[in-house]
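Engineer: Build me a model from this:
(one chain, ligands or ions: 1)
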Amino acid sequence: MRDMNFTPCDQTAAWKLLGDHFAACGKSFDARIALAQDTERVTQLSQVAPHLFADLSKNRIDAATEALLMQLARECGLENQRDAMLAGEPINNTEQRAVLHTLLRQKQPIAGINTAQSATDSGAISSRLQEVHAVLHAMLTYAEQIRADDAITDVVNIGIGGSDLGPAMATMALQEFATPKKRFHFVSNIDGHELAATLKTLNAQNTLFLIASKTFTTIETMTNALSAKAWFEAQGGTDTARHFAALTTNVKAANEFGITTTFGFWDWVGGRYSLWSAIGLPLAIAIGADGFRQFLQGAAEMDEHFASAPLESSLPVRLGLLDVWYRNFHGFTSRCVAPYHSALKRFPAYLQQLEMESNGKRVDKTGQALPFHTSPVIWGEPGTNGQHAFFQMLHQGTEAIPLEFIAVKQASHDLAGHHTKLLANAVAQAQAFLQGKESADGHRHFPGNRPSTFFVLDSLTPASLGALIALYEHRVFVSGAIWGINSYDQFGVELGKVLAKDVEARLLSGNTQGVDASTASLIAKLQ
Ligand code: F6P
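Structural biologist: Numbers count the residues shown, from 1 in each chain. Purely as a prediction, here's the structure:
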């Protein structure tokens, strides 16, 4: 029996209506015909949100589809669920935690939003916000101190998952705003090749290691941190307080590790949502305190949009519902993200964790198996590189894969001609996916009507990047809320971690008793 405190999406009237609508016209919907027939379509399916513009008109939706999706959102109590998150209710029900990454970018409690739920003590939000601002102040002061310290030339972030992907992605994305006086390195993998290659380029006296781990127990990070510390000491380094800092909710463990410079955060910040916390320190060192505050501000503007825009004109809501439409009715299994800006190279990898670790769930929030699919596979590469790699499949493969273009209007370089060519390619690819090309020769035929969404940022700045990331965070919330899953736990990563310990011992001892024949054979081979 499912918990009746929430309405499973597949038991709503809207779900049934969407199914009928799909069978009647969704399945055969052709965006080319819709664009030709409906002169209002582009306007209706264009959406301005803070710092960006989105054109959804090449997707397989129309006003009728969106109306049913909005009905679905309302029947699933999306607004209440959103307000519960923003108010600090423990919506991460399996771990009994609030989900308050939005608080990390707020200047003050938002009346009527943070305090929307009667069960929530608005005083708790205020005191949490005070703690947020205290750490933010300390961390930004430290960032400025490191920026001014010419003896520190290299900053090495050691962390994995959310303690790596966010800061690595954003530091690369905002390289134009970064101090040229420091080099930034991100070491995540337990594979010693990565750390060894980085250490070769460093001098202990000029290096700051940031040990980033929410739990301060993650095997990869602890292994790399220990090796980094051993290397530092072997190089004659003694001043650990100056050369090591920890970014963690587990300050006690960091202290026990021997790190005294620490910046904390809280269990109500999920790892993949932690870039806005002390985990953002490498970015703050790169772009400075003002830049980091602008980054937070851009995200806060998107939060405000998500919290207050009517569902029909809320970009995260429209995108999250489109995701449900594509996943559950069209049956699309993946979504490709193509940023047409090389500084956004790591954005698809960041989004993989954000969306797939959040919504890659097979049970609802009460633990009941779901009778429908959840997270699609998220993948991608920057344009135009992807065009010469996998776009072939997107144009002419057997299944349609929704694609997302992210274009940035202003370039931050002055090389003549490049940027117009880049933008032309982005627009032309979206056009090609839509239009296709008739040919009697099957090899040269492009079916077209391949769906895509086109985002435009005026320029890639701390604020616009903050808004873009927050947009995706909220969109993931929306589809997760419709599916009735807990988007904020990640038990799926545990089993492999436990087995790795066992296999490690077996690799050392050679004992393969009790393991399956395939695993035993691999252990024997790799010994
Ligand atoms: O992969 C699981 C996970 O818990 C992620 O959610 C998290 O971002 C990553 O490991 C790193 O965890 P930590 O920051 O605690 O080292």
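Engineer: pLDDT score for the residue of the stretch 351-500 of the chain found nearest the ligand?
Structural biologist: Across the stretch 351-500 of the chain, the shortest distance to the ligand (C-beta to the nearest ligand atom) belongs to residue 493, at 4.0 Å. Using the backbone N, CA and C atoms, a C-beta is placed for each residue, glycine as well. Residue 493 carries a pLDDT value of 96.
Engineer: could you pull out the helices for the stretch 351-500 of the chain?
Structural biologist: Secondary structure of the stretch 351-500 of the chain (DSSP state H, counting those that start in this stretch): helices at 358-359, 391-396, 418-435, 462-483, 494-509.
Engineer: and residue 456, which of these is closest to it?
Structural biologist: Among the helices of the stretch 351-500 of the chain, helix 418-435 comes nearest to residue 456, with 9.3 Å by C-beta to C-beta.
Engineer: show me the contacts for residue 154.
Structural biologist: 182-185, 201-203, 206-208 (C-beta atoms under 8 Å, 6 or more residues apart in numbering).
Engineer: ok, those vs residue 516, which is closest?
Structural biologist: residue 185 (38.9 Å).
Engineer: Name the SS class of the one residue in the stretch 1-150 of the chain that gets nearest to the ligand, please.
Structural biologist: Closest residue of the stretch 1-150 of the chain to the ligand, C-beta to the nearest ligand atom: residue 95 (11.5 Å). Three-state call for residue 95 (DSSP: H, G, I helix; E, B strand; the rest coil): coil.
Engineer: List the residues that contact it.
Structural biologist: With C-beta under 8 Å, 6+ apart, residue 95 has these contacts: 267, 488-489.
Engineer: Sort out for me which of the contacts of residue 154 are in strands.
Structural biologist: Mapping those onto strands (DSSP state E) picks out 183-185, 207-208.
Engineer: close enough to count as contact, residue 262 and residue 256?
Structural biologist: No - judged on C-beta atoms under 8 Å, residue 262 makes no contact with residue 256 at a distance of 11.4 Å.
Engineer: Same drill for those two, tell me which one is more crowded.
Structural biologist: Set residue 262 next to residue 256 and count neighbours by other C-beta atoms under 10 Å: residue 262 wins out with 21 against 10.
Engineer: In contact with that one, which residues?
Structural biologist: Each residue near residue 262 by C-beta under 8 Å, 6+ apart is listed here: 245-248, 251, 254-255.
Engineer: Setting the sequence-adjacent residues aside, check what's closest to residue 110.
Structural biologist: residue 307 (6.9 Å; C-beta to C-beta, 6 or more residues apart in numbering).
Engineer: Please report how far that neighbour lies from residue 87.
Structural biologist: Taking C-beta to C-beta, to the nearest Å as the measure, residue 307 falls 10 Å from residue 87.
Engineer: Most neighbours among the contacts of residue 154, which one is it?
Structural biologist: Neighbour counts for these, by other C-beta under 10 Å, peak at residue 207, which reaches 25 neighbours.
Engineer: Tell me what the nearest residue to that one once chain neighbours are set aside is bridged to.
Structural biologist: Distances taken as C-beta to C-beta, 6+ apart put residue 154 closest to residue 207, at 4.7 Å, once the chain neighbours are dropped. Residue 154 forms beta bridges with residue 183, residue 207, as assigned by DSSP bridges.
Engineer: Just to be sure, residue 18 is in a helix?
Structural biologist: Yes - counting by three-state DSSP, one finds residue 18 located in a helix.
Engineer: tally of neighbours for it?
Structural biologist: Neighbour number of residue 18 under other C-beta under 10 Å is 23.
Engineer: Now do the contacts for the residue lying closest to it once chain neighbours are set aside.
Structural biologist: Among residues not flanking residue 18 along the chain, residue 68 sits closest, at 5.0 Å (C-beta to C-beta, 6+ apart). By C-beta under 8 Å, 6+ apart, the contact set of residue 68 is 14, 17-18, 21.
Engineer: In terms of helices and strands, where is residue 68?
Structural biologist: helix 63-75 (DSSP states H and E).
Engineer: Quick check: residues of the stretch 251-400 of the chain near the ligand?
Structural biologist: When proximity is defined as C-beta under 6 Å from any ligand atom, the stretch 251-400 of the chain approaches the ligand at 271-272, 357.
Engineer: The same query, at a cut-off of 8 Å, please.
Structural biologist: Counting by C-beta under 8 Å from any ligand atom, the residues of the stretch 251-400 of the chain close to the ligand are 270-272, 274, 279, 353, 357.
Engineer: same deal with the chain?
Structural biologist: Counting by C-beta under 8 Å from any ligand atom, the residues of the chain near the ligand are 159-165, 212-218, 220-221, 248, 270-272, 274, 279, 353, 357, 490, 493.
Engineer: And the buried ones among those residues, selectable in PyMOL?
Structural biologist: A single PyMOL command selects the buried members of the residues of the chain next to the ligand (16 or more other C-beta atoms under 10 Å):
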select buried, resi 159+160+161+162+163+164+165+212+213+214+216+218+220+221+248+270+271+272+274+279+353+357+490
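Engineer: for the contacts of residue 68, which one is nearest residue 108?
Structural biologist: residue 14 (36.5 Å).
Engineer: tell me the secondary structure for the closest one?
Structural biologist: Residue 14 is classified as helix under three-state DSSP.
Engineer: how about it, what does it touch?
Structural biologist: Shown in contact with residue 14 (C-beta under 8 Å, 6+ apart): 68-69, 71-72, 74-75.
Engineer: and those, which are buried?
Structural biologist: Buried among those by 16+ other C-beta under 10 Å: 68-69, 71-72, 75.
Engineer: about what we covered before: which one of the ones in strands among the contacts of residue 154 sits closest to residue 127?
Structural biologist: The closest of the ones in strands among the contacts of residue 154, once distances to residue 127 are taken by C-beta to C-beta, is residue 208, at 31.3 Å.
Engineer: any idea how far the closest one is from the ligand?
Structural biologist: Relative to the ligand, residue 208 is positioned 19 Å away (C-beta to the nearest ligand atom, to the nearest Å).
Engineer: just residue 255 next, same as before
Structural biologist: Applying C-beta to the nearest ligand atom, one obtains 16 Å for the distance of residue 255 from the ligand.
Engineer: tell me which of the ones in strands among the contacts of residue 154 is nearest to the ligand?
Structural biologist: Among those, and counting by C-beta to the nearest ligand atom, the member closest to the ligand is residue 185, at 17.4 Å.
Engineer: How about the backbone phi and psi for the closest residue to that closest one other than its chain neighbours?
Structural biologist: Leaving aside its chain neighbours, residue 185 sits nearest to residue 156 (4.5 Å; criterion: C-beta to C-beta, 6+ apart). Dihedral angles of residue 156 (phi, psi; degrees, to the nearest 10) stand at phi -110, psi 110.
Engineer: per-residue confidence at residue 156?
Structural biologist: Reading off the confidence values, residue 156 has pLDDT 99.
Engineer: pretty sure it contacts residue 182?
Structural biologist: No - between residue 156 and residue 182 there is no contact under C-beta under 8 Å: 10.6 Å.
Engineer: how deep is residue 513 tucked in, by neighbour count?
Structural biologist: For residue 513, using other C-beta under 10 Å, the count is 6.
Engineer: In the stretch 201-350 of the chain, which residue sits nearest the ligand?
Structural biologist: Going by C-beta to the nearest ligand atom, the ligand is nearest to residue 271 of the stretch 201-350 of the chain, at 2.6 Å.
Engineer: and that residue, what is it in contact with?
Structural biologist: Residue 271 neighbours (C-beta under 8 Å, 6+ apart): 161-163, 214, 490.
Engineer: And residue 42, by the same measure?
Structural biologist: 35, 55, 57.
Engineer: ok, residue 446 to residue 59 distance?
Structural biologist: Using C-beta to C-beta, residue 446 is found at 18 Å from residue 59.
Engineer: and if you look at residue 203?
Structural biologist: Taking C-beta to C-beta, one finds residue 203 at 52 Å from residue 59.
Engineer: got it, and residue 163?
Structural biologist: Counting by C-beta to C-beta, the gap from residue 163 to residue 59 is 34 Å.
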